[in-house]
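Undergrad: task: produce atomic coordinates for the following.
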Amino acid sequence: MRFMGTFRPRLDEKGRLFLPAKFRDRLAEGVVVTQGQEKCLVVWPPEVFDVEADKAAERSMTDKAARGYQRMFFSGGDEVVPDKQGRVSIPPALREYAGLEKDVVVIGVRNRLEIWNPTAWDDYQAAEIQRFADLDESD
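TA: Below you'll find the predicted structure:
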């Protein structure tokens, strides 16, 4: 499953997000929404989430960083089935975490989608654009 592109939908008054039309069929059975790094949300197809969850669970509970990651990864998660119009409800706590209000940015990142506050995405992209341009494996 491959996700690419940038989309700028809006949340409705109930905090529901229309999934980008080109992805709706692939996500119709359900998704898992979690907190992501850099204060975005991650929308996982269930089979991809299961792989990532297994990786997180394999880390030792005696490792403080592993415990912290597992807590953040799982505690903010929610399983959601899109409605017939392709909308998913984003829980208030996750909207607050990512600073989502009406306008949002949805980006495809290979095997997942990320949902960003537009200002946070624009700032992140501006900070990363030069690093991306400067990538050179010969260094």
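Undergrad: who is V109 paired with across the strands?
TA: Listed by DSSP bridges, the beta-bridge partners for V109 are R112.
Undergrad: ok, it touching G5?
TA: No: judged on CB atoms under 8 Å, V109 makes no contact with G5 at a distance of 10.1 Å. All C-beta spots, glycine's among them, are computed from the backbone N, C-alpha and C.
Undergrad: these two - which one has more neighbours?
TA: Between V109 and G5, counted using other CB atoms under 10 Å, the more crowded position is V109 (14 against 11).
Undergrad: could you look up the SS state of the spatially most central residue of the chain?
TA: Among the residues of the chain, the one closest to the centroid is V42, at 1.4 Å (CA atoms, centre = their mean). Three-state assignment for V42 (DSSP: H, G, I helix; E, B strand; the rest coil): strand.
Undergrad: again with R131
TA: With three-state DSSP as the basis, R131 sits in helix.
Undergrad: state the distance from it to R95.
TA: 29 Å (CB to CB, to the nearest Å).
Undergrad: pick out whichever of the two has more residues nearby.
TA: R95 (19 against 8).
Undergrad: the more buried one is in what secondary structure piece?
TA: If you go by DSSP states H and E, R95 is part of helix 92-98.
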